[in-house]
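S.K.: return a 3D structure for these sequence lines:
(chains A, B and C)
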Amino acid sequence: MMGKTTIPEEEFVFPGSTGCPGCGANLVMRYLLKGLGDRTILSIPACCWAVMPGYWPSNCLKVPLLYTAFEATGAAISGLRAALDIKGIQDVTVVGFAGDGGTVDIGLQAMSGAAERRTDAIYVMYDNEAYMNTGIQRSGSTPWGAWTTTTPVGNSHGFKHESKKDIMAIMQAHRIPYAATVSVAHPEDFVKKVRKAKDIKGFRFIHALSPCPPGWRMSPMHGVEVARLAVETHMFPLYEIEDGRVVVTRKGKGLPITEYTKFQGRFSHLTSQEIESIQESIDENWRNLLAKEASGT
Amino acid sequence: MREVMTGNYASAYGAKLARAEVIAAYPITPQTSIVEKLAEFVNTGELRAKFIPVESEHSAMAACIAAETAGARTYTATSSHGLTLMHEVLMWASGARLPIVMTNVSRAMAPPWSVWVDHMDSVAQRDTGWLQFFCQSNQEVLDTTIMAYKICESARVMLPAMIIEDAFILSHTSEPVDVPDQRLVDSFLPSYSPDLKIEIGKPMGFGSLVKPDQYMEFRYKAMEAMTAAHDRLLAVEREFRDVFGREHGGLLERYKCEDAEVVLVAAGSVAATAKDVVDALRAKGHKVGLARIRSFRPFPDQEFKALASKVVGMAVLDRSYTFGAAGAMFTEVKASVYSSQKRPVVKNYIAGLGGRDITPKTIEKIFEDISIVSRRGLEDEVEWVDVAGLPRRWR
Amino acid sequence: MTKSYEEIPLTPISSTPSTMNLTGLWRVVKPVVDKSKCKKCTICWKYCPDAAIKLVGGEPVIDLMYCKGCGICSFECPAKCIVMVKEG
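M.R.: You can find the predicted model right below:
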């Protein structure tokens, strides 16, 4: 049974989750739990993952799970931690596991409150860049240029004209001890960061890019490759913010953004000028990130 | 210990004596002194609890839900817009079958902005699956808080409860209150230990997706719980009386109703005023009584049916307006007595909204009116009491 | 099969493993492993979203009861020894 695995072999999920074929969020959960182990309690709001364990009584998780209302993740993890504390139950990782909509939009207030109160919990945002569970509607985390059902292309050449909310910067402003971006194409880095987060007390934030084949209009078999390219094109850089300081954990090759967008139908309507403007803003963001790292902020 | 204290402090003492373990709350007038008092208790160590100063009422209830699921006894308090902001998660708490106890300081809804008493906020939550207790005194507030935990944590109930106290009239008015001894309360109310809770080593999912072919059965069970709450409430109150020497009238407190011809039906502090009016009218030879809705949920259906067969007129006072064909409490009372063989005349009086005082004089005029219409017959089923511009005078 | 209200818990608590969901029935293409080319790198196991690949002696054994046929294992395999073949 012992293979040369580069990440822990023990599984904390059962097969039979009702996620789509090639679902990035399945991988996010799988890697997260490999890093955290079984003394973990999850709180999951309305999102794809509220449905993926299956209809009652099916459960694909081997750790306890609390389903909650959509905007309540930050509050729920606060309540869980308070109960564990008053009962004297130690050495338990409390995790809020929410989608991008349930974090940057409707869940922002509760998460901000939990972070400000220095709640001892890990908040994981799996980012498939839209309200996927309800059928691919745009969220504050949808990138500029993307098609969604509420930013349709149509005859007017529509798409999302607003930039993606920078949730890592928002979390940095909360002065939390640890925040990190992770990718499902880099599981070793993912597990390493999770383990690091696990050992830190206070509010920790993990931003996981979660490719979504139906939502991004791509073939399921590219589910991991697209995450890899997101990192290599600097669309989704891998970095940590530890005690307020940025540390880039993977430089990436800096491939042209088209290497990333070519796999995804949600960008297929963009003109070369629009692609160019995306390239420019990605390059600028990358430069700013490196500058932050260099200046020690 | 007997002390003169406000309804808010009585709430805080109730939660303290009940040994609430996790308190998540957000300030709103006129609930603030409850939360401040509890923060003080936690700070001094008098109350061993975790206090979470959440960033909204919705989060207050969501945090209580999570903590209660993990096996902690929780408490929160709110009012008006805070309560209505919680509406979504109030339904969650009851669907999740969690015996959370909350004080609602019943206050008017905006616009217009108002900080004064009105039952619209509380009544609007009657569909959420929460037990609802309307209190008429600060003593009752304290006592009912303790009783509520015992009722709700029973295996056959496992539903949340709200203790409703009138804004400013109870919350900020001081009355003598007997604060029971902690040891006595401990003997009456054991610690919370649910059969099922979220815990390490037991991989269970709480609150998952259920298809149409199974959802109804969960709701049926919740209905059974609300039904069981009726008898459980009475049993717990009997026990409370045996231990502490006090009771508050069950689900429907009947004051001088035995031989009454007409009764006033009301909830909250106005019922206490009405008792004085009943006494004055009785002294003049009128056969009147007061039926106080103490428990609005579970609704005292049996009690109203029994009362209906004995009286000729019921004046139902609604201290809220909920945009139906008639007031909410009136509509439920009327439905309850509809199936009685002998139906009294039932009339709705909408009064006291937004903190408008309901004076003894006004209550007396209501009794006069119900006495007349129960003999002559109803012209209008609903009457708005003491509205400037309407011809009828009530003061 | 609808359970009687007397047989269900107070609130829906899920503790039956999701292996009750035979997601293999979703497939339109299935992975076929050429063991002669397999280098036992464990990468396919690593990237399977459904944990439907087990490692036996370092070699991947794909559980076709649950494999949804997403093709990630096929795409990621460095030895190109997994081919996606149409079902039926």
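S.K.: any idea how far B:Phe188 is from chain C?
M.R.: When distances are taken as CB to the nearest CB, to the nearest Å, B:Phe188 and chain C turn out to be 24 Å apart. From N, CA and C alone the C-beta is placed, and that goes for glycine too.
S.K.: what about that residue, how many neighbours?
M.R.: 20 (other CB atoms under 10 Å in any protein chain shown).
S.K.: now swap in C:Met1 and tell me
M.R.: Other residues within reach of C:Met1 by the criterion other CB under 10 Å amount to 4.
S.K.: you'd agree it is in a strand?
M.R.: No - secondary structure assignment (DSSP: H, G, I helix; E, B strand; the rest coil) places C:Met1 in coil, not in a strand.
S.K.: any idea of the pLDDT on it?
M.R.: Note for C:Met1: predicted pLDDT of 87.
S.K.: where does B:Phe299 fall, helix, sheet strand or coil?
M.R.: Assigned by three-state DSSP, the conformation of B:Phe299 is coil.
S.K.: ok, it - contacts?
M.R.: B:Leu251, B:Glu332, B:Ser336 (CB atoms under 8 Å, 6 or more residues apart in numbering or on different chains).
S.K.: keep these, but drop any that are not near chain C.
M.R.: Checking the contacts of B:Phe299 against chain C by CB under 8 Å from any CB of the partner chain, not one of them is in range.
S.K.: export the residues you listed to a markdown table and tack on secondary structure and pLDDT?
M.R.: Compiled in a markdown table, those are given as follows (DSSP: H, G, I helix; E, B strand; the rest coil; pLDDT from 0 to 100):
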| residue | secondary structure | pLDDT |
| --- | --- | --- |
| B:Leu251 | coil | 98 |
| B:Glu332 | helix | 98 |
| B:Ser336 | helix | 97 |
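S.K.: closest one of those to chain C?
M.R.: Ranking the contacts of B:Phe299 by separation from chain C, with CB to the nearest CB as the measure, puts B:Leu251 on top at 23.0 Å.
S.K.: quick one: the closest one and B:Arg292 touch, right?
M.R.: No - with contacts counted by CB atoms under 8 Å, B:Leu251 stays clear of B:Arg292, the gap being 9.9 Å.
S.K.: between the two, which has more neighbouring residues?
M.R.: Neighbours of B:Leu251 and B:Arg292, each counted by other CB under 10 Å, are more numerous for B:Arg292; the result is 27 against 23.
S.K.: just for chain A, where's the confidence low?
M.R.: Applying pLDDT under 70 to chain A flags residues A:1-3.
S.K.: state which helix of it is the longest.
M.R.: In chain A, ranked by residue count with DSSP state H as the criterion, the top helix is helix A:272-295.
S.K.: mind giving me the domain split of chain B?
M.R.: Per automatic domain parsing, the domain ranges recorded for chain B read B:2-244, B:252-384.
S.K.: next structured bit after the helix or strand of chain C with the lowest mean pLDDT?
M.R.: When the helices and strands of chain C are compared on mean pLDDT, DSSP states H and E, strand C:59-62 comes out lowest with a mean of 91. Remark: after strand C:59-62, the chain's next helix or strand is helix C:72-76, criterion DSSP states H and E.
S.K.: pull out the buried positions in that next one.
M.R.: Under the neighbour-count criterion of 16 or more other CB atoms under 10 Å in any protein chain shown, helix C:72-76 has C:Ile72, C:Cys73, C:Ser74, C:Phe75, C:Glu76 buried.
S.K.: name the nearest residue to the second one, ignoring sequence neighbours.
M.R.: Going back to what we said before, that points to C:Cys73. Once flanking residues are discounted, C:Cys73 sits nearest to C:Cys44: 3.8 Å by CB to CB, 6 or more residues apart in numbering or on different chains.
S.K.: do you know how far that neighbour is from A:Cys20?
M.R.: C:Cys44 sits 19 Å away from A:Cys20, taking CB to CB, to the nearest Å as the criterion.
S.K.: more neighbours, those two?
M.R.: For C:Cys44 versus A:Cys20, the count of surrounding residues by other CB under 10 Å is larger for C:Cys44: 25 against 22.
S.K.: before we move on, the earlier item: closest to A:Ala179 out of the domains of chain B?
M.R.: With respect to A:Ala179, and counting by CB to CB, the nearest of the domains of chain B is domain B:2-244 at 19.6 Å.
S.K.: quick one: end-to-end length of that closest one, please.
M.R.: 13 Å (CA to CA, to the nearest Å).
S.K.: do stretch B:295-302 as well
M.R.: Per CA to CA, the first residue of stretch B:295-302 is 12 Å away from its last.
S.K.: roughly how far is that stretch from the heart of the chain?
M.R.: How far stretch B:295-302 lies from its chain's middle: 11 Å, per CA atoms, centre = their mean, to the nearest Å.
S.K.: now the residue in the stretch 101-250 of chain A that chain B sits nearest to, nearest residue through space, not along the chain?
M.R.: Among residues of the stretch 101-250 of chain A, the one nearest chain B by CB to the nearest CB turns out to be A:Gly113. It sits 3.2 Å away. Leaving aside its sequence neighbours, A:Gly113 sits nearest to B:Glu55 (CB to CB, 6+ apart; 3.2 Å).
S.K.: quick one: contacts for the residue nearest to B:Val179 when sequence neighbours are not counted?
M.R.: Closest residue in space to B:Val179, ignoring its immediate chain neighbours: B:Met1 at 4.5 Å, by CB to CB, 6+ apart. With CB under 8 Å, 6+ apart as the criterion, the residues that contact B:Met1 are B:Asp178, B:Val179, B:Asp181.
S.K.: neighbour-wise, which one of those residues leads?
M.R.: The most crowded member of the contacts of B:Met1, judged by other CB under 10 Å, is B:Val179 (18 neighbours).
S.K.: any idea how far that residue is from B:Asp195?
M.R.: Applying CB to CB, one obtains 32 Å for the distance of B:Val179 from B:Asp195.
S.K.: same check on B:Trp384?
M.R.: Here B:Trp384 is placed at a distance of 49 Å from B:Asp195 (CB to CB).
S.K.: more neighbours: these two, which one.
M.R.: In this comparison of B:Trp384 against B:Asp195, neighbours counted by other CB under 10 Å, the higher total goes to B:Trp384 at 17 against 8.
S.K.: I'd say that one and B:Ile350 touch.
M.R.: Yes - the criterion here is CB under 8 Å, and B:Trp384 meets it with B:Ile350 at 4.9 Å.
S.K.: ok, which residues in the stretch 101-250 of chain B are in contact with chain C?
M.R.: Contact residues, the stretch 101-250 of chain B versus chain C (CB under 8 Å from any CB): B:158, B:196, B:202-210, B:213-214, B:217-218, B:220-221, B:224-225.
S.K.: now the strands for chain C?
M.R.: For chain C, strands defined by DSSP state E occupy the ranges C:13-14, C:16-17, C:29-33, C:53-56, C:59-62, C:82-86.
S.K.: what comes into contact with the first one?
M.R.: Outside of strand C:13-14, the residues that reach it under the criterion CB under 8 Å, 6+ apart are A:Pro53, A:Gly54, A:Trp56, A:Pro57, A:Ser58, A:Asn59, A:Leu65, B:Leu196, B:Met204, B:Gly205, B:Phe206, B:Ser208.
S.K.: with that, I have no additional questions.
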